[in-house]
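Asks: Sequence first, then the predicted structure, then my questions.
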Amino acid sequence: MTHGSHYHRRVGSMSANSSPSRVFKLKKLPGHMGSENVTVQNLEVVRVDAERNLLLIKGAIPGAKGSLVVVRETVK
């Protein structure tokens, strides 16, 4: 965290006084956060219910409720 900042992902004090009149290279700045893909392997498909369009999977599935999940065969 920089001086003058009370937020972890926001800019606080950017640079020194008016003498450099610029922001130095490699200054830590906030960037894009979230929306990454997470892969979980070797989960067991317990049952397939074609009538109700359901897959029963044993184990934890990452993501929020109602989010899209891609199911495919394990690579390893």
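Replies: Arrived safely.
Asks: Strands along this protein, start to end?
Replies: 44-49, 54-58 (DSSP state E).
Asks: Which one, of the ones you listed, ends up nearest to Phe24?
Replies: Nearest of the strands of the chain to Phe24, taken as CB to CB: strand 54-58 at 49.4 Å. Placement of C-beta: from N, CA and C, glycine included.
Asks: got the contact list for the closest one?
Replies: By CB atoms under 8 Å, 6 or more residues apart in numbering, the residues outside strand 54-58 that reach it are Leu43, Glu44, Val45, Val46, Arg47, Val48, Asp49, Val71.
Asks: If we ignore the residues flanking it in sequence, what's nearest the first one?
Replies: What that stands for is Leu43. Gly59 (4.2 Å; CB to CB, 6 or more residues apart in numbering).
Asks: Can you add mean neighbour count and mean pLDDT and give the strands of the chain back as CSV?
Replies: Below are these laid out as CSV (neighbours: other CB atoms under 10 Å; pLDDT from 0 to 100):
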stretch, mean neighbour count, mean pLDDT
strand 44-49, 9, 96
strand 54-58, 11, 95
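Asks: CSV for those strands, including distance to Lys27?
Replies: Shown next, in CSV, are those (distance: least, CB to CB, whole Å):
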stretch, distance to Lys27
strand 44-49, 48
strand 54-58, 44
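Asks: quick one, which of these is nearest to Asn37?
Replies: Comparing the strands of the chain by CB to CB, strand 54-58 comes nearest, at 17.6 Å.
Asks: How far away from the center of its chain is the closest one?
Replies: Distance of strand 54-58 from the chain centroid (CA atoms, centre = their mean, to the nearest Å) equals 24 Å.
Asks: Stretch 43-52 now?
Replies: For stretch 43-52, the distance to the chain centre is 28 Å (CA atoms, centre = their mean).
Asks: Output that stretch in CSV, but only the C-alpha positions, please.
Replies: Provided in CSV are the C-alpha atoms of stretch 43-52 (Å, rounded to 0.1, in the frame of the first residue of the first chain):
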residue,chain,number,x,y,z
LEU,A,43,-14.5,-35.3,-9.7
GLU,A,44,-16.8,-38.2,-9.8
VAL,A,45,-20.1,-38.1,-11.7
VAL,A,46,-22.5,-39.9,-9.4
ARG,A,47,-25.7,-39.8,-11.5
VAL,A,48,-27.1,-38.3,-14.7
ASP,A,49,-30.7,-37.3,-14.6
ALA,A,50,-31.7,-36.6,-18.2
GLU,A,51,-35.3,-35.9,-17.4
ARG,A,52,-34.5,-32.9,-15.2
